[in-house]
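Chemist: Here is the input, now give the coordinates:
(2 chains)
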Amino acid sequence: MTLVLFSVFFLLPIIYTVSNSFMSSAEINGYYGTGSAEFHLIPDDFTLEAYKEILWDSPFYLVKFWISILLSVLIVIGQLFVSVTAGYAFAKFEFWGRDVLFFIVITVMMMPYQVTLVSNYIVLDGMGLIGTYAALVLPAVFSPFGVFLMRQMISAMPTDIIEAARLDGAGELRILWKIVLPYSKSGVTALVVLSFIDSWNMVEQPIVFLNNPYRYPLSIFLSQVSANNPGAVFACGVLAMLPVLLLFAYCKDDMIRGIRFTGLK
Amino acid sequence: MKLSRKRKMIGFGLALPFLCGFVLFYLAPFIVSIYYTFTFGNGRNIFVGFQNYISVLSSGAFQLAAYNTARFILVGVPLLILLSFLLSTLINARLKRNAAFKSVFLYPMIVPVAAVVMIFQIVFAESGLLNSLIPGVCIDWLHSEYAFGVLVLLYIWKNCGYNIILITAGLLSIPQDYYLTAELEGAGRRQKFMRITLPLMMPNLFFVLVISIVNAFRIFREAYLLAGETPHSSIYMLQHFMNNNFSNLNYQRLSVGAVLIFMVVFLMLALLFVVLRRRGDYEL
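Modeler: Have a look, this model is predicted:
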């Protein structure tokens, strides 16, 4: 019973956003606009007006949406490539300085943005990338979390299988592609989901690296909608939630497994 | 011999793409920024010793941000861990349906903060839901001392799911036999919890503690979306301080801030890991 109550508390803001997205802007103004607000979950008049507004009337919202998608997809692809190879190396090879390097990777992973953003900024500034979308993508590709996750996943895989393939004369890249990857499929899925969610929701990096509100991705742009166009706020919120919710619904179990693996030694 | 050397090279080669980017974007500039902290001016070639550290540490803005962040960690983290532990034991008690509940609590973590902050604004605004529910009360929750409380609530709401997954995984790994044996010996619920659950969960809870502290440093995101660039002073966080210095590009102050925060977080992590090592139940 307690659990159910808590679940409701945890889900209410999301359900509320979805249900209110089906109200007309007149209805929203009526309930929240003047004086005191009222709790209003079920729309009086079910309408798609707000969606028509953001998807059809003003292309601005959709542009933001696709920019965010593009940025996130680029980050995920880059991070996937870099993390799988390095994760495999850290898990199953011995090379000079490996343990020290891995220790540094974990340390950096634990550092708050206040520490890493300054370092990122110095390099991005030197490369002349401040104000461009590349500034959001490049540091994110090399963020340590992906390597950590893949290393944990691949470590859990028995070395015998890899040794056997080696004896059969398979090259390392072939082993990575044909054996390690399929074996750690759920780890790869977890990485894709977690990294996509992280990029989709980014706030600190655009504020610091873009310093131009017009270029902000959807994750920050949303908070500016409410002032300008209260009627579209909730529909816009749904638009922002949709990709991650779909991804989550699809890969929930792998994601939970992935999180659990970050907790193992 | 030759083969193992070749293997080492291959391993290093596989890690190379990551290592290049990692050194370029994270390691090298951090070392450069340590150098910056001891310099003065745009040329960054005049040495001033610890002058920058003294100036940052004695600035009111930094002190306020550090104080608020520390306060936030001391209040938010224990509450979060307590609640997620409680919910985890509840979820674990009903084995069949726990999967569904676990994912319910994850939703707050995955949805964009901005989409949810709107609801918090509607609830906690001066003419918001909360004030209209309690007659006679008219508090501007977001732009007063109370903003701190709202932020703690948002932090718990957001991070509970992640912790629940880590904690339930730990709870499930405790062998049921222990409890059965304890029951045979006549142990009560309280005793079972104090003598079995808690000691065995210690390493797990330590990790949860680390993650929760790391996430507490990220609360700026919520604070920023809730209250913008100039929030009420009770939720002025370290990242706000950093952002101010980003906007006028004061590399020295930024670097000092980054190095100071690095040292605090590093010492905290080192302490936690030393404690775990000593207990002998954690290895990396």
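
Chemist: Residue A:138 reaches residue A:129, doesn't it?
Modeler: Yes - if you go by C-beta atoms under 8 Å, residue A:138 and residue A:129 touch, sitting 7.2 Å apart. The way it works is simple: take the backbone N, C-alpha and C, and place the C-beta from them, glycine included.

Chemist: Pick out whichever of the two has more residues nearby.
Modeler: When neighbours are counted by other C-beta atoms under 10 Å in any protein chain shown, residue A:138 and residue A:129 differ, and residue A:138 comes out ahead with 22 against 19.

Chemist: quick one, what contacts that one?
Modeler: For residue A:138, the contact set (C-beta atoms under 8 Å, 6 or more residues apart in numbering or on different chains) comprises A:124, A:129, B:21, B:25.

Chemist: Show me which helix runs longest in chain A.
Modeler: The single longest helix within chain A, with elements called by DSSP state H, is helix A:60-92.

Chemist: quick one on the thing from earlier: now the contacts of residue A:138 as JSON lines including distance to residue B:49 and pLDDT?
Modeler: Shown next, in JSON lines, are the contacts of residue A:138 (distance: C-beta to C-beta, whole Å; pLDDT from 0 to 100):
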{"residue": "A:124", "distance to residue B:49": "29", "pLDDT": "95"}
{"residue": "A:129", "distance to residue B:49": "33", "pLDDT": "93"}
{"residue": "B:21", "distance to residue B:49": "34", "pLDDT": "95"}
{"residue": "B:25", "distance to residue B:49": "29", "pLDDT": "95"}
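
Chemist: Of these, which is the nearest to residue B:80?
Modeler: residue B:25 (30.6 Å; C-beta to C-beta).

Chemist: Secondary structure of the closest one: a strand, I assume?
Modeler: No - applying DSSP: H, G, I helix; E, B strand; the rest coil, one finds residue B:25 to be helix, outside a strand.

Chemist: Of the contacts of residue A:138, which pair is most distant in space?
Modeler: Greatest spacing in the contacts of residue A:138, by C-beta to C-beta: A:129 and B:21 (13.6 Å).

Chemist: Look up the pLDDT of residue 131 for me, please.
Modeler: Unless you meant another one, I'm taking chain A. If you check residue A:131, the pLDDT there is 91.

Chemist: was after chain B, sorry
Modeler: Reported pLDDT for residue B:131: 72.

Chemist: repeat for the one 3 residues further on
Modeler: With respect to pLDDT, residue B:134 scores 72.

Chemist: Residue B:90 and chain A: what is the separation?
Modeler: 5 Å (C-beta to the nearest C-beta, to the nearest Å).

Chemist: cool, and residue B:24?
Modeler: Applying C-beta to the nearest C-beta to residue B:24 and chain A gives a distance of 6 Å.

Chemist: Report the spatially nearest residue to that residue, omitting neighbours in sequence.
Modeler: residue A:123 (6.2 Å; C-beta to C-beta, 6 or more residues apart in numbering or on different chains).

Chemist: Report the closest residue of chain B relative to chain A.
Modeler: Using C-beta to the nearest C-beta, the single residue of chain B nearest to chain A is residue B:11, 2.5 Å away.

Chemist: pretty sure that residue is touching residue A:93, no?
Modeler: Yes - assessed by C-beta under 8 Å, residue B:11 is found in contact with residue A:93 at 2.5 Å.

Chemist: These two: which is more packed in?
Modeler: Between residue B:11 and residue A:93, counted using other C-beta under 10 Å, the more crowded position is residue B:11 (22 against 18).

Chemist: Quick check: which element contains that one?
Modeler: For residue B:11, the host element (DSSP states H and E) is helix B:2-22.

Chemist: Now do the buried residues in that helix.
Modeler: Neighbour-count burial for helix B:2-22, counted by 16 or more other C-beta atoms under 10 Å in any protein chain shown, picks out B:7, B:10-12, B:14-15, B:17-19, B:21-22.

Chemist: so what pLDDT did residue B:41 get?
Modeler: Value for residue B:41, per-residue pLDDT: 73.

Chemist: What's the local residue count around it?
Modeler: Using other C-beta under 10 Å, residue B:41 has 9 other residues around it.

Chemist: I'd like the distance between it and residue B:51.
Modeler: Note on residue B:41: its distance to residue B:51, by C-beta to C-beta, to the nearest Å, is 12 Å.

Chemist: intersection of neighbour lists for those two?
Modeler: If you check residue B:41 and residue B:51 against C-beta under 8 Å, 6+ apart, no residue is contacted by both.

Chemist: pLDDT at residue B:279, what is it?
Modeler: The model's pLDDT for residue B:279 equals 66.

Chemist: Check residue B:97 too.
Modeler: Residue B:97 is assigned 57 on the pLDDT scale.

Chemist: what about the stretch 101-250 of chain B, any weak spots by pLDDT?
Modeler: Applying pLDDT under 70 to the stretch 101-250 of chain B flags the ranges B:127, B:135-137.

Chemist: Residue B:110 is in contact with residue A:246, isn't it?
Modeler: No - contact criterion C-beta under 8 Å: residue B:110 and residue A:246 do not qualify, at 10.6 Å.

Chemist: Among the two, which residue is more densely surrounded?
Modeler: Legend: neighbour count by other C-beta under 10 Å for residue B:110 and residue A:246, higher for residue B:110 (24 against 10).

Chemist: got the contact list for the more buried one?
Modeler: Residue B:110 neighbours (C-beta under 8 Å, 6+ apart): A:197, A:244-245, A:248.

Chemist: so where's the stretch 101-250 of chain A shaky on pLDDT?
Modeler: A:226-228, A:230.

Chemist: Now do the helices in it.
Modeler: Taking DSSP state H, counting those that start in this stretch as the test, the helices found in the stretch 101-250 of chain A are A:113-126, A:134-141, A:144-155, A:159-167, A:172-175, A:181-183, A:185-200, A:204-210, A:218-228, A:233-263.

Chemist: Report the separation between residue A:26 and residue B:128.
Modeler: As judged by C-beta to C-beta, residue A:26 and residue B:128 stand 20 Å apart.

Chemist: Who has more neighbours out of these two?
Modeler: Of the pair residue A:26 and residue B:128, residue B:128 is the one with more neighbours under other C-beta under 10 Å, namely 20 against 14.

Chemist: Would you mind confirming that the more buried one is in contact with residue B:118?
Modeler: No - Residue B:128 lies out of contact with residue B:118 (C-beta under 8 Å); the separation is 11.4 Å.
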